[in-house]
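A.B. asks: I'd like to go over a predicted model; first the sequence, then the structure.
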Amino acid sequence: MKVLMVEDDAMLADAVARGLGKQGWHVDCVGDAAAARLATVDHQYAAIVLDLGLPGSSGLSVLSNLRARYDITPVVIITARDKLSDRIRGLDTGADDYIVKPFQTDELSARLRAVVRRSQGRVAPALKFRDIEVDPARRTVKKAGVLVDLSMNEYRTLLALMEQPGTTMRREQLEDRVYGSSGTIESNTIAVYVHHLRAKLGNDVITTVHGFGYCFGAKG
Amino acid sequence: MAPDHAAKSSSAGTALAAEAPASPARFRSLRTRLLVALLAIVVVAWVVAAGTWLLINIDEQSIWDRTLRSTAKTALASLPPNFDRVIADPASEKGSAQFVRPEGAEAQSEIAVQVWVNGEHVVRTPSSPAVPLKPDFVNGFADQRIDGQVWRVYDVSDASGKVHVQAGKSPRQRADDVLRIAGAGGLAALLLLILPGIAIWWVTRWSFTPIDELRRTIATREALDLKPLPTGKLLVEVQPLVESFNALLLRLDSAIENERRFIADAAHELRTPLAVLLAQVQLVLNADDVAEKNAAAKQLAAGVERSARLSEQLLDMARLDSGNDVPERTELDLSDIVVLVARDFENTARHRSQSIGIHVETAPIRANIDDIGILLRNLLDNALRYGNEGGRVDISCQLAQRGAARVARLSVSDDGPGVPVDERTRIFRRFHRVVGVGGSGSGIGLSLVQRIVTAHGGSIDVGPGPQGRGLEIVVWLPSNRDRSDAR
């Protein structure tokens, strides 16, 4: 599968490209935002690895440019560990996942596989349920035509549930879709997000299937 | 004056005046300002004085007139009552009588006085002409042309109208008067103008000597000589300036001291891991077979991760040390950050077969997101590092009530050996490592936690973990929202 790597440090780009190559990825490397925009024109990549710390025009602009063109190619951003704010901004702009520098190539490969898998069958057109509209390209949610402010994880939970309405999803499935949990972390977060979503979108949108998971819309 | 020129000209002035922003370029120097202002005041005072004097002198005609009238009247009054008859005595020398000029009197300043009886000339002063000053013998003032010169004359007669006294002043005498008065007055004026000028210049100069001295003291300093300036014999006005300057020097000094300490710490802390890395690389290179090479490379990777973690902590420390007292703060939900940061430790936890338990509730706080990231990262890093292999680390956050305040309660606990009670305050000191405990902590992490919590107005509690073992660190951060205000 073809991956575009946007990274200005040639040494890092080369090492990562070779590492990913060993794992079966075909990697193209570009060093700046302009080249990245050019390379993404024909949607030929299964995923994009994007360093947010690009010189000049920031990596974030590549991402927003991509999403503005309704290009939903999955993007994994590379961020510095101490720049939590950058990471959040990247995810808000439409990144599918992130990896923190310094990282192991195995880890990046796993993240790439996950985002590609999740992106399969995903569509750019808006999702609609009653008066709730979700625009995956713009990452916006409207209820009765009014924008609803959702946190990143709330949005991801909603999207995961909404893509398969009427199907009950297990908590672990949702965790995987929301933040790619590997099973090491055990948390109550999905319950919290569902609680928030109900408060913002209406109590009856998400049904709890006790001891099993959650279901969007009517139980199927 | 062009602004750039103004800037250049002011740089030549005193160092202290150079920063005064809005005043015109010429008056950037306090000394010049004072000097010009004081001199202007003196000049204005003198202009006013001279003006008043001139106004009086415009009225001069009336002064002379009064002098003439009083002279004439005095002369008339001093004549004997039967003067006309006395004069009629043939024995007297008619027309030739003269007032005897007193010793030392000057002719120029004299008023010419003539006494006429029945149109005949009886007595006159030496300076008066032979012809009548007022030929019409009508009482009162007149301007009379005599020998081509215009005299100011006055005529007064006795009750009978027979005796006339006439007084007059020639233009030359009048001019002399003016010159004499102006001469004396002008000299005095000049002296009075110059002397205060010199005095003002000297006083100004003298007043500014301390400032000049101060400027020289600062100018001759070494680049990093941040000792406070002496404040002993300073002027009252300059003292606050120097004191605030000293306060700034003090802050600068502590900032530079922090920097020096950081560089020293960083160099010291990085030396060992780098030596370890080099040794591990040697092991990889010298390995005899692939299996040995792989094992050595794995160790090397662990060594690199440790060094990366250390340099991150040092960078975090530098960030907090940099003196950015009030970093940008935003409204954020602590639970979101907890989830985001905890995920970074999945790999770390997996390597040691540990699990992470997250239990979060919405906890809105106002904080710097990157600082909170550092805080959570260091708490989790610490808990996973000292927790048991195959054990569990729990992190939770929720809103709580503490006294009258709503606070966010963040708790991170591990199942490791814990920290003895008497050590618990010391673990927050920089580079402190708990004695007799394994692990490869740098001793930086918890000191960063402490500083961030303090900066955000929170507090820290340390105790044993929930099951009475391990360590639980509870951080209380002020929350800005009520629980009922659901997000």
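C.D. replies: Received it, and whenever you're ready, just let me know what you need.
A.B. asks: Say whether chain B is contacted by stretch A:107-117.
C.D. replies: Yes - for stretch A:107-117, a contact with chain B is found by Cβ under 8 Å from any Cβ of the partner chain, at A:Glu107. (Each C-beta comes from the backbone N, C-alpha and C, glycine too.)
A.B. asks: ok now that stretch, how far from the chain's centre?
C.D. replies: Centroid separation for stretch A:107-117 versus its chain: 11 Å, with Cα atoms, centre = their mean, to the nearest Å.
A.B. asks: Around residue 43, how many other residues sit close by?
C.D. replies: Just going to use chain A. Applying other Cβ atoms under 10 Å in any protein chain shown, we find 11 residues neighbouring A:His43.
A.B. asks: think we crossed wires, I meant chain B
C.D. replies: B:Val43: 13 neighbours (other Cβ under 10 Å).
A.B. asks: Need the phi and psi values for it.
C.D. replies: When read as degrees, to the nearest 10, the backbone of B:Val43 gives phi -60, psi -40.
A.B. asks: likewise B:Ser355?
C.D. replies: phi -120, psi 150.
A.B. asks: Return the residues of the stretch 301-450 of chain B in contact with chain A.
C.D. replies: So far as Cβ under 8 Å from any Cβ goes, the stretch 301-450 of chain B lies against chain A at B:301, B:304-305, B:308, B:312, B:315-316, B:319, B:333, B:335-337, B:339-344, B:346-347, B:349-350, B:354-362, B:369-370, B:372-374, B:377.
A.B. asks: Return the subset of those residues lying in strands.
C.D. replies: B:Asp333, B:Ser355, B:Ile356, B:Gly357, B:Ile358, B:His359, B:Val360 (DSSP state E).
A.B. asks: Next, give me the two most distant ones among the residues you listed.
C.D. replies: Using Cβ to Cβ, the two most remote members of these are B:Asp333 and B:Ser355, lying 23.9 Å apart.
A.B. asks: Show me chain A divided up by domain.
C.D. replies: Using automatic domain parsing, the domains assigned to chain A come out as A:2-119, A:127-216.
A.B. asks: Neighbour count added to the ones in strands among the residues of the stretch 301-450 of chain B next to chain A, as CSV?
C.D. replies: Putting these into CSV (neighbours: other Cβ atoms under 10 Å in any protein chain shown) gives the following:
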residue, neighbour count
B:Asp333, 22
B:Ser355, 16
B:Ile356, 24
B:Gly357, 15
B:Ile358, 20
B:His359, 18
B:Val360, 23
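A.B. asks: Which of the residues you listed lies at the shortest distance from chain A?
C.D. replies: B:Ile358 (3.4 Å; Cβ to the nearest Cβ).
A.B. asks: Which one of the residues in the stretch 51-200 of chain B is closest to chain A?
C.D. replies: B:Ile200 (61.2 Å).
A.B. asks: ok now the helix or strand hosting that residue, how far from the chain's centre?
C.D. replies: Using DSSP states H and E, B:Ile200 sits in helix B:171-207. Relative to its parent chain, helix B:171-207 has a centroid offset of 39 Å by Cα atoms, centre = their mean.
A.B. asks: which other helices and strands contact that helix?
C.D. replies: Identification of packing neighbours for helix B:171-207 by 3 or more Cβ pairs under 8 Å, 6 or more residues apart in numbering or on different chains; DSSP states H and E yields helix B:30-58, strand B:149-157.
A.B. asks: The same query, at a cut-off of 7 Å, please.
C.D. replies: helix B:30-58 (3 or more Cβ pairs under 7 Å, 6 or more residues apart in numbering or on different chains; DSSP states H and E).
A.B. asks: And the helix it packs on, what does it pack against?
C.D. replies: For helix B:30-58, the packing partners by 3+ Cβ pairs under 7 Å, 6+ apart are helix B:171-207.
A.B. asks: tilt between the helix it packs on and helix B:30-58?
C.D. replies: Helix B:171-207 runs at 160 degrees relative to helix B:30-58, counting by axes from the mean of the first three to the mean of the last three Cα atoms, to 10 degrees.
A.B. asks: Helix or strand next in line after helix B:171-207, which one?
C.D. replies: helix B:209-219.
A.B. asks: near chain A, anything from the next helix or strand after that next one?
C.D. replies: On the C-terminal side of helix B:209-219, the nearest following helix or strand under DSSP H and E is helix B:239-286. No - against chain A, helix B:239-286 shows no contacts by Cβ under 7 Å from any Cβ of the partner chain, the least distance being 13.2 Å.
A.B. asks: now what about stretch B:395-415, what contacts it?
C.D. replies: Outside of stretch B:395-415, the residues within contact range by Cβ atoms under 7 Å, 6 or more residues apart in numbering or on different chains are B:334-335, B:338, B:342, B:356, B:358-361, B:363, B:365, B:379-380, B:383, B:386-388, B:391-394, B:465-466, B:469-479, B:482-483.
A.B. asks: Now do the helices in the stretch 301-450 of chain B.
C.D. replies: With DSSP state H, counting those that start in this stretch, the ranges of helices along the stretch 301-450 of chain B come out as B:334-343, B:346-351, B:369-386, B:445-455.
A.B. asks: Quickly, which of the ones you listed bottoms out on average pLDDT?
C.D. replies: Lowest mean pLDDT within these: helix B:346-351, at a mean of 85.
A.B. asks: Buried by neighbour count: which residues of that helix qualify?
C.D. replies: B:Glu346, B:Asn347, B:Thr348, B:Ala349 (16 or more other Cβ atoms under 10 Å in any protein chain shown).
A.B. asks: What of stretch A:12-25?
C.D. replies: A:Leu12, A:Ala13, A:Val16, A:Ala17, A:Gly19, A:Leu20, A:Trp25.
A.B. asks: want to throw these into TSV with pLDDT and secondary structure?
C.D. replies: Putting the buried residues of stretch A:12-25 into TSV (pLDDT from 0 to 100; DSSP: H, G, I helix; E, B strand; the rest coil) gives the following:
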residue	pLDDT	secondary structure
A:Leu12	90	helix
A:Ala13	92	helix
A:Val16	93	helix
A:Ala17	93	helix
A:Gly19	92	helix
A:Leu20	93	helix
A:Trp25	92	coil
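A.B. asks: Can you find the helix or strand in chain B with the smallest mean pLDDT?
C.D. replies: In chain B, the helix or strand scored least confidently by mean pLDDT, DSSP states H and E is helix B:3-11, which has a mean of 41.
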